[in-house]
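Colleague: Test case, fold it:
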Amino acid sequence: MKTLICPYCGCSLVRLGISKEKAATYGYDGTEYHFCCQDCANEFAADPEQHLQRTKDLVVCPTCLAEKTPELTFTFEYAGQEVPYCGCPYCREVFLKAPDYYIKRLEGTEATEGVGDFIRGGSDRDAITPISRGDGDFDLLIVGGGSAGFGAAIKGAELGARVAMAELGTLGGTCVNVGCVPSKTLIRAAEANHRRTHHPFEGIAATNGQPDWPVVRDHKDALVTGMRETKYRDVLRSYEAVTLFEQRATVTSGNSITLADGRQITAGKLVITTGASPWAAPIPGLAEAGYLDSTTAMALDTLPSSLIVIGASAVGLELAQMFLRLGVQVTLLEALPRIVPVEDPAIGNALAEYLAAEGMEIHVGVTIEAVERNGSYTVRFSQDDRASTATAEQLLVATGRRANTVGFGLDDVGVTLGKRGEVVVNEYLQTANPDIYAAGDVTGEPMFVYVAAYGGTTAAENALTGNTRPLDLTALPKVTFTDPQVASVGFTEEEIRYQGAEPLTAELPLEHVPRALAARDTRGFVKLVADAGTRKIVGAHILASEAGEMITELALAVQFGLTIENLTSAFHPYLTLSEGIKLAAQTFDKDVSKLSCCAG
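Modeller: Below is the predicted model:
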C-alpha cells in the first residue's frame, strides 16, 4: 500500500492534513516526491539517496496515522494484500468498515482533517455511516439520561443519527447527582477536617474544631448543580441531532416508546440506560425502622452523634470513614469475612487495621438478626456464634444496588431480566429483543460511571452500525476512595491459582517508596501479580494514599501484556508514588532495600 510520507523528515503528510496538491515537491530519478514543507524539499535535494535510504521503510497506520518503523509494524490481510498498521485492534476494525476511504486518505488523494476524530472515538462520518433504521421519528431512542444514556446519545450524534432521549428525573444519573461527585467532595472535606488534628509533621500546630456540616453539605450541592449543568445539560444542548423529552417513557415495542403525555415516539433502535438504585438486604425490622441509604446520608440536615453502617464494600466504607472524620462515632458491620471483600485479602486486612486505628468499630463475618428503632437504632447481630448489639442515632444501609427495570414495560417487549432484575445482554449489549440494547448499571455490569459511559457508547455504535464492537472489561481498574485508597486491576494471586496456574507475586510496602517517606505516610503497599511463564503483568493491587492515581499505568500493563521488565525499564519520576510501581516490579528479582534512590 502506497503511503504519503515526507522523504526527508519521515512525517505523515496525511496526519498533518497535507494532500498531494498542497505538498511541496521535488523530482528525482524520474519520480516526483512530496514533502511536508519547502524546507524539507530543499534539504532532500542536497543528498536524495541518503534521505531515501533513511525514510524508505517507514510505515503509517492507515487509520490513526501513526508512523512506525518496520519492527514495530503489524499487518493484516485485505483484498489480497498485507496492510501494515500500528497493531491496535480498533484501528484494524475501523479500517475494515471503510477500506476505500482510508486507502485514498493514506495515499493523499482525499482531504483529511487529521487524527482528532479517531482519538475521540472514531467519529469520522465518512468512515462509519449509520445503517438505515427505517422511517421512524428517530434513528436511536435512549431511555434514561445518566452517563450511559449520554454516552449513547453523543455517539449516536457523532455517527450522524437522529437521536432522542427520554428522562423524567434529574439529568446526569447517579454519578454527578448522588454518587461519585458528591461523595468524593465530602470525603475530601472530611479528610481536611481530619488533618487539622491528625498529621505526621513535627512543628506544625494541630487545631481542633467542629465542622459546619450545613455549609459543607451546601458546598457539595453547589458543585453538583454546576457539574450537572456544564457536563450534562449544556453538553446536550451542543448536539443539535439530540432531542430531549423530559418525561417518563414506557417501552411499547422494539421500535417505540410511549411518553407520559401519551405521545408515541418511534425509532430504528432503542437503548435502555435506566441505571440502578440503592438496595437493602431483607433484614427483619429494617423496613419498619427506616434507614439511610447513600443518597439520603449525604443530604442529612445535621450530623448524627453516632452511626451504624451495614455493608463494607466501596460505598459503605467511603461513607463510614467520611462520617468518622467529621466527628461521628461509627460502627461497621459486614457479613463477609473481611472488608472490601472483592479485593485481595491483604488489602482488606490492612485497611481494617488503619480504620480501626482512627476509631472505627468494625465487625466482620456477622449475621444480622434484626433492626429495631426506639428513638435510636439497635441492630442485633451474631458473630462467631456470639450474640451482640450495636446502637446508634442513625443507620446507613449500603448493601448494594439493583437495576431500575420495573415499570418500563420491558417484560412485555421480549427483554429478558436476570435474577436481580438486571437487563440480560449479549457481548454487544443487545437484549433478547434484537432492536433493543441496554448499557450501564441497568445491565448489572460493574457499576462504575466510566463503565456506564463506555457501555452507552458501545451500545449505540452496535445498534447503529451492526454488532461489531463487543464490550471488553478485561482490564477494568477499580478504586475505593477510602484513606488510604484501594485500587486494583486484573487477577488476584488466588484467582490465578484457581485457574490452575502458578503466579509470580511481588509485594512492596510503602516504607520503601521515597515519596511515602517524605510525606510521612507509609500506610499500604503495592502488590503485582505476573504470569510465571511469560512474566506478563496480569494483576495489580494497591493500598496507598493516592492509589487511584497509580492504577492506570498498571491497567495499561494488563491490557497490553507488558512484562515485569517493561515496568522496570521505564522511567518513573523520583519522589512520586508511581515510582512504587517500578520498585514493586524490581521486587520480583531484587531486594529493593539494598538499592539506592532510582538505582536498578
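Colleague: Pick out the residue closest to the middle of this structure.
Modeller: Tyr450 (3.4 Å; CA atoms, centre = their mean).
Colleague: where does that one land in three-state SS?
Modeller: helix (DSSP: H, G, I helix; E, B strand; the rest coil).
Colleague: Distance check, it against Glu565.
Modeller: 30 Å (CB to CB, to the nearest Å). For glycine as for every other residue, the C-beta is placed from the backbone atoms N, C-alpha and C.
Colleague: Over to Asn404?
Modeller: With CB to CB as the criterion, Asn404 and Glu565 are 47 Å apart.
Colleague: Which one of these two is surrounded by more residues?
Modeller: The residue with more neighbours, out of Asn404 and Glu565, is Asn404; 22 against 12, by other CB atoms under 10 Å.
Colleague: That one reaches Gly275, doesn't it?
Modeller: Yes - using CB atoms under 8 Å as the test, Asn404 is close enough to Gly275 to be in contact (5.3 Å).
Colleague: Overlap of the contact sets of the two?
Modeller: 441-442 (CB atoms under 8 Å, 6 or more residues apart in numbering).
Colleague: Contact partners for the nearest residue to Leu510 once chain neighbours are set aside?
Modeller: Nearest non-adjacent residue to Leu510, counting by CB to CB, 6 or more residues apart in numbering: Ala516, 4.1 Å away. The contact partners of Ala516, by CB under 8 Å, 6+ apart, come to 510, 522, 524, 544-545, 577, 580.
Colleague: Kindly report the same for Arg196.
Modeller: Arg196 neighbours (CB under 8 Å, 6+ apart): 206-209.
Colleague: got a markdown table for those residues, with pLDDT and secondary structure too?
Modeller: Formatted as a markdown table, those follow (pLDDT from 0 to 100; DSSP: H, G, I helix; E, B strand; the rest coil):
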| residue | pLDDT | secondary structure |
| --- | --- | --- |
| Ala206 | 78 | coil |
| Thr207 | 81 | coil |
| Asn208 | 77 | coil |
| Gly209 | 77 | coil |
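Colleague: Can you tell me which of these is closest to Val181?
Modeller: Of all the contacts of Arg196, Val181 sits closest to Gly209, with 26.2 Å by CB to CB.
Colleague: what is the mean pLDDT for whichever strand or helix holds Thr457?
Modeller: According to DSSP states H and E, Thr457 maps onto helix 449-465. Averaged over helix 449-465, pLDDT sits at 96.
Colleague: looking at this structure, which helix or strand is least sure?
Modeller: helix 116-119 (a mean of 27; mean pLDDT, DSSP states H and E).
Colleague: Who does the next helix or strand after that helix pair with, and is each partner parallel or antiparallel?
Modeller: As assigned by DSSP H and E, the chain's next helix or strand after helix 116-119 is strand 138-143. Sheet pairing of strand 138-143 (DSSP bridges) gives strand 163-166 (parallel), strand 264-272 (parallel).
Colleague: How about residues contacting strand 138-143?
Modeller: With CB under 8 Å, 6+ apart, strand 138-143 has contacts from 130, 133, 149, 152-153, 156, 161-166, 243, 249, 251, 257, 265-274, 408, 456, 460, 463-464.
Colleague: Check those for burial and list the buried ones.
Modeller: Listed as buried from those are 130, 133, 149, 152-153, 156, 161-166, 243, 249, 251, 257, 265-274, 408, 456, 460, 463-464; burial here means 16 or more other CB atoms under 10 Å.
Colleague: what's the domain layout of the chain?
Modeller: 24-115, 138-277+403-465, 286-398, 478-594 (automatic domain parsing).
Colleague: so can I have TSV of those domains showing distance to Leu471?
Modeller: Shown next, in TSV, are the domains of the chain (distance: least, CB to CB, whole Å):
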stretch	distance to Leu471
domain 24-115	14
domain 138-277+403-465	6
domain 286-398	20
domain 478-594	14
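Colleague: Out of the ones you listed, flag the one nearest Cys6.
Modeller: Among these, domain 24-115 sits nearest to Cys6 (CB to CB), with 4.4 Å.
Colleague: Quick one: the helices in the stretch 451-600 of the chain, in order.
Modeller: For the stretch 451-600 of the chain, applying DSSP state H, counting those that start in this stretch gives helices covering 493-498, 514-518, 547-559, 564-569, 579-586.
Colleague: out of those helices, deepest packed?
Modeller: Scoring the helices of the stretch 451-600 of the chain by mean neighbour count under mean count of other CB atoms under 10 Å gives helix 579-586 as the most buried, with a mean of 25.
Colleague: Report all helices and strands that the helix holding Thr457 contacts.
Modeller: strand 138-143, helix 147-158, helix 173-178, strand 264-272, strand 436-438 (3 or more CB pairs under 8 Å, 6 or more residues apart in numbering; DSSP states H and E).
Colleague: averaging pLDDT over each of the ones you listed, which comes out lowest?
Modeller: helix 173-178 (a mean of 84).
Colleague: For that one, could you pull out the residues that count as buried?
Modeller: Those would be 173-178, for helix 173-178 by 16+ other CB under 10 Å.
Colleague: now, among the residues you listed, which is nearest to Arg380?
Modeller: Val178 (29.8 Å).
Colleague: And the residue lying closest to that closest one once chain neighbours are set aside, how far from Gly407?
Modeller: In this structure, Val178 finds its nearest non-sequential neighbour in Thr295, 4.3 Å apart by CB to CB, 6+ apart. Distance, Thr295 to Gly407, using CB to CB: 19 Å.
Colleague: What of Gly172?
Modeller: Gly172 is 21 Å from Gly407, by CB to CB.
Colleague: Check Lys231 too.
Modeller: On the measure of CB to CB, Lys231 and Gly407 end up 28 Å apart.
Colleague: Repeat that for Ile187.
Modeller: For Ile187, the distance to Gly407 - CB to CB - is 33 Å.
Colleague: Show me which of those two is the more surrounded one.
Modeller: Ile187 (19 against 9).
Colleague: helix/strand/coil for the more buried one?
Modeller: Ile187 - assigned by three-state DSSP - is helix.
Colleague: How about Asn426?
Modeller: coil.
Colleague: burial count for it?
Modeller: 13.
Colleague: Pull up the gap between it and Leu410, please.
Modeller: 16 Å.
Colleague: Gly160 too?
Modeller: 28 Å.
Colleague: and if you look at Leu528?
Modeller: For Leu528, the distance to Leu410 (CB to CB) stands at 43 Å.
Colleague: So between the two, which is more surrounded?
Modeller: Leu528 (27 against 24).
Colleague: Run through the bridge partners of the more buried one.
Modeller: Beta-bridge partners, per DSSP bridges, of Leu528: Ala506, Ala540.
Colleague: Please name the residues that touch it.
Modeller: Leu528 touches 505-507, 537, 539-540, 554, 564, 567, 581, 584-585, 587-588, counting by CB under 8 Å, 6+ apart.
Colleague: What is the burial count for Arg188?
Modeller: 14.
Colleague: State the distance from it to Ile103.
Modeller: 51 Å.
Colleague: got it, and Val235?
Modeller: The value you get for Val235 to Ile103, if CB to CB is used, is 35 Å.
Colleague: any chance of the contacts of Ala516 in JSON lines, plus distance to Ala390 and pLDDT?
Modeller: Below are those laid out as JSON lines (distance: CB to CB, whole Å; pLDDT from 0 to 100):
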{"residue": "Leu510", "distance to Ala390": "33", "pLDDT": "97"}
{"residue": "Thr522", "distance to Ala390": "32", "pLDDT": "96"}
{"residue": "Gly524", "distance to Ala390": "28", "pLDDT": "98"}
{"residue": "Ala544", "distance to Ala390": "30", "pLDDT": "98"}
{"residue": "Ser545", "distance to Ala390": "29", "pLDDT": "96"}
{"residue": "Leu577", "distance to Ala390": "36", "pLDDT": "95"}
{"residue": "Gly580", "distance to Ala390": "37", "pLDDT": "96"}
